[in-house]
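> Structure for this input, please:
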Amino acid sequence: MSTATEAKIFEILEAVKDPEIPVISIRELGILQQVTIDGDQISVGIIPTYSGCPAMFAITEDIKNTLKSQGFVDVNVTLLNEPVWNTDMITDSGKAAMKAFGIAPPQSLSEQQVSCPLCGSTDTTCISQFGSTACKALYRCQSCLEPFDYFKCHA
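Reported below is the predicted structural model:
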């Protein structure tokens, strides 16, 4: 068993990526909320991006497997009800990773136009409020003509 500190567990869990956006960690997305250590037991608290998010099961298993691979065998993952997740919890590095992956990161509620993550144009149109996952909308850039996902803003 490795020696556990909260900082070490947070560092190890940086390797756990969101299964729907594999370039962003659960910390960058704001899902990873807490780590507590009680003897040999590691407890991790996570919050869903929205109620019923199907990725939470996969994320829970990834957390357990990642920690077990580092020698932590008594791992408990809890879905927390608060704080309620919102897109302001996504770090700047997470938003940059989304954009580099081809997903337009969420904008503030005051921003009216979604920028294309591929060419940067703001001449974009919402094709559907339902994208590749429930937390994304499908847009098309009128400049480069490419479709792209926009991660919807949740305040």
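
> check contacts around the spatially most central residue of the chain.
Centroid-nearest residue in the chain, with Cα atoms, centre = their mean: residue 29, separated by 3.2 Å. Listed by Cβ atoms under 8 Å, 6 or more residues apart in numbering, the contact set of residue 29 reads 18, 21, 49, 89, 90, 94. Quick note: C-beta positions are derived from backbone N, CA and C, even for glycine.

> quick one: contacts for the last one?
Taking Cβ under 8 Å, 6+ apart, we find residue 94 in contact with 24, 25, 28, 29, 30, 105.

> Surely residue 102 and residue 117 touch.
Yes - using Cβ atoms under 8 Å, residue 102 is in contact with residue 117, at 5.4 Å.

> higher neighbour count, these two?
residue 117 (22 against 14; other Cβ atoms under 10 Å).

> ok but the more buried one is inside a helix, no?
No - Residue 117 is assigned coil when assessed by DSSP: H, G, I helix; E, B strand; the rest coil, not a helix.

> measure it to residue 91 for me?
17 Å (Cβ to Cβ, to the nearest Å).

> Same question for residue 48.
18 Å.

> and what of residue 76?
25 Å.

> go on, residue 106?
From residue 106 over to residue 91 the distance is 12 Å, taken as Cβ to Cβ.

> So those two - more neighbours on which side?
Using other Cβ under 10 Å as the criterion, residue 106 and residue 91 rank with residue 106 on top: 22 against 14.

> Correct me if wrong: the more buried one contacts residue 152.
Yes - using Cβ under 8 Å, residue 106 is in contact with residue 152, at 6.5 Å.

> any common contacting residues for the two?
Joint contacts of residue 106 and residue 152 (Cβ under 8 Å, 6+ apart) are residue 87.

> Quick one: residues contacting the residue lying closest to residue 81 once chain neighbours are set aside.
In space, and not counting its chain neighbours, residue 81 is closest to residue 47: 7.9 Å by Cβ to Cβ, 6 or more residues apart in numbering. By Cβ under 8 Å, 6+ apart, the contact list for residue 47 reads 30, 31, 33, 79, 80, 81, 82, 83, 84, 85.

> For residue 38, see how far away the last one is.
Spelled out, that is residue 85. 25 Å.

> Who has more neighbours out of the two?
More crowded of residue 85 and residue 38, by other Cβ under 10 Å: residue 85, with 22 against 10.

> got a list of what that one touches?
30, 31, 47, 48, 49, 50, 154.
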